[in-house]
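Novice: Next input, structure requested:
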Amino acid sequence: MNDFTLYARMRQYGTLAEEPSDVPDARFALPSTIHWMRALAILVDDLKLDFQAAKTFYTKIQRRLLSDKEVNSTCEQLLFALHQLTSLQAISDVKNKADVARIGIVAWYYGVYGAASAMIAAADGSFRHTHASTAQQWDGCFPANGLAMQPFADRLSNLVAESVSRELAPVRSRGKHPLTSAPHTPQQAWGCCAEYLSGTADWEQRNIRQRVSNSREFKDLGVKDFRTAQARKLRDAGYGKRSIAFLHQAYRYRGKANYRDAIYLAYGRSVPSQLDGFIADLARVLRAFLAMAAGYVSTRMGRDLWSSFLDDLEAKRSISISPKSVWS
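Specialist: Just a heads-up that it's a prediction; the model follows:
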């Protein structure tokens, strides 16, 4: 009798990349992937986040005279993001959503990434070339200044334990709900979002501890953990430099799908039924993020330039989706 079970083997022996204790637990990995996106979809619907809502939100943003290259980069990134949205719509009719869940997450992430890059270019004329620097710049330009719309606005200013606890309190006050259980109401959705933000903070804290423990300063202390005051000082210095906002969460989400939790999107007989509605949720959330981005960019560019961009895109697009259906 064949008793080969990949999940059990991974949990027992690990992989070349992970020790057994680091292999994600199926009870949490797949549900958290599905339920965070479900929560965001519930919230963008409840908040009615569309282009007109974004235009209203950014009413006080002043027009900026963008250079030709800044205009080109901004429009290019919006088109890039729109292409990701149309790809999600194209795969939404695939019968078995497990076949397309991972590529759907990747398309969703790059749609968010492109839209965020367009916002940054319109804000300060910069273009970041790494995921980490783009996430930090977007946070500094938007959530940190109250210029991101919910449910994309929550952030942690740093990762020092006391600060995280204090800043998570109002986020958690909107609702409590575990990521292992599907949300059905806005209050439950806020609870899931609070848990994902908290989990992302924990994830980044682990990354920072690992980097600090590999540093020369830490090794010079001659210790193996962070129990001493000197070691905690090094750790907290790293914590203090890192904020967490929506783009950091999106990057973690893509990484989990591409690497750490990839097995759970393709392994398990119950996965297809669990993924019913998942691609639609990805598309709904990306459409809302694109609406926010375009609301900001259109205000920054000015009415005439924005209209010219939309008209050109509408006339010459090769993709199925109409930009005016998303940005009007």
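Novice: Buried residues, the longest helix seen in the chain. List them.
Specialist: Secondary structure of the chain per DSSP state H: the longest helix is helix 186-213. The neighbour-count check on helix 186-213 (16 or more other C-beta atoms under 10 Å) flags 186, 188-201, 203-205, 208-209, 212-213 as buried. For every residue, glycine as well, the C-beta is placed using N, CA and C.
Novice: just stretch 5-25 next, same as before
Specialist: So for stretch 5-25, counting by 16+ other C-beta under 10 Å, buried means 10, 23-24.
Novice: ok, then the element right after the longest helix of the chain?
Specialist: Next helix or strand after helix 186-213 toward the C-terminus (DSSP states H and E): helix 216-221.
Novice: just for the chain, where's the confidence low?
Specialist: The model of the chain has pLDDT under 70 over residues 1.
Novice: So this structure: which segments form each domain?
Specialist: With domains defined by automatic domain parsing, the chain comprises 28-152+257-328, 156-244.
Novice: Any chance of those domains in TSV with distance to Glu18 as columns?
Specialist: Shown next, in TSV, are these (distance: least, C-beta to C-beta, whole Å):
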stretch	distance to Glu18
domain 28-152+257-328	8
domain 156-244	13
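Novice: just the ones you listed: most buried one?
Specialist: domain 28-152+257-328 (a mean of 19; mean count of other C-beta atoms under 10 Å).
Novice: closest to Phe4 out of the domains of the chain?
Specialist: When those are ranked by distance to Phe4, counting by C-beta to C-beta, first place goes to domain 28-152+257-328 at 12.6 Å.
Novice: Can you give me the end-to-end span of that closest one?
Specialist: With C-alpha to C-alpha, to the nearest Å as the measure, domain 28-152+257-328 spans 39 Å from end to end.
Novice: what sits against the residue nearest the centre of the chain?
Specialist: What sits nearest the mean C-alpha location of the chain, by C-alpha atoms, centre = their mean, is Ala250, with 1.6 Å. Ala250 makes contact with 108-109, 112-113 under the criterion C-beta atoms under 8 Å, 6 or more residues apart in numbering.
Novice: Tabulate the residues you listed (JSON lines), appending distance to Ala169 and secondary structure.
Specialist: Below are these laid out as JSON lines (distance: C-beta to C-beta, whole Å; DSSP: H, G, I helix; E, B strand; the rest coil):
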{"residue": "Trp108", "distance to Ala169": "29", "secondary structure": "helix"}
{"residue": "Tyr109", "distance to Ala169": "29", "secondary structure": "helix"}
{"residue": "Val112", "distance to Ala169": "27", "secondary structure": "helix"}
{"residue": "Tyr113", "distance to Ala169": "30", "secondary structure": "helix"}
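Novice: closest to His131 among these?
Specialist: So of the contacts of Ala250, ranked by how close each gets to His131 (C-beta to C-beta), first place is Tyr113, at 7.1 Å.
Novice: What residues does the residue nearest to the closest one when sequence neighbours are not counted make contact with?
Specialist: Excluding its sequence neighbours, the residue lying closest to Tyr113 (C-beta to C-beta, 6 or more residues apart in numbering) is Thr134, at 6.7 Å. Listed by C-beta under 8 Å, 6+ apart, the contact set of Thr134 reads 113, 116-117, 120, 128, 247.
Novice: now do His248
Specialist: Contacts of His248 by C-beta under 8 Å, 6+ apart are 135, 139, 200, 204.
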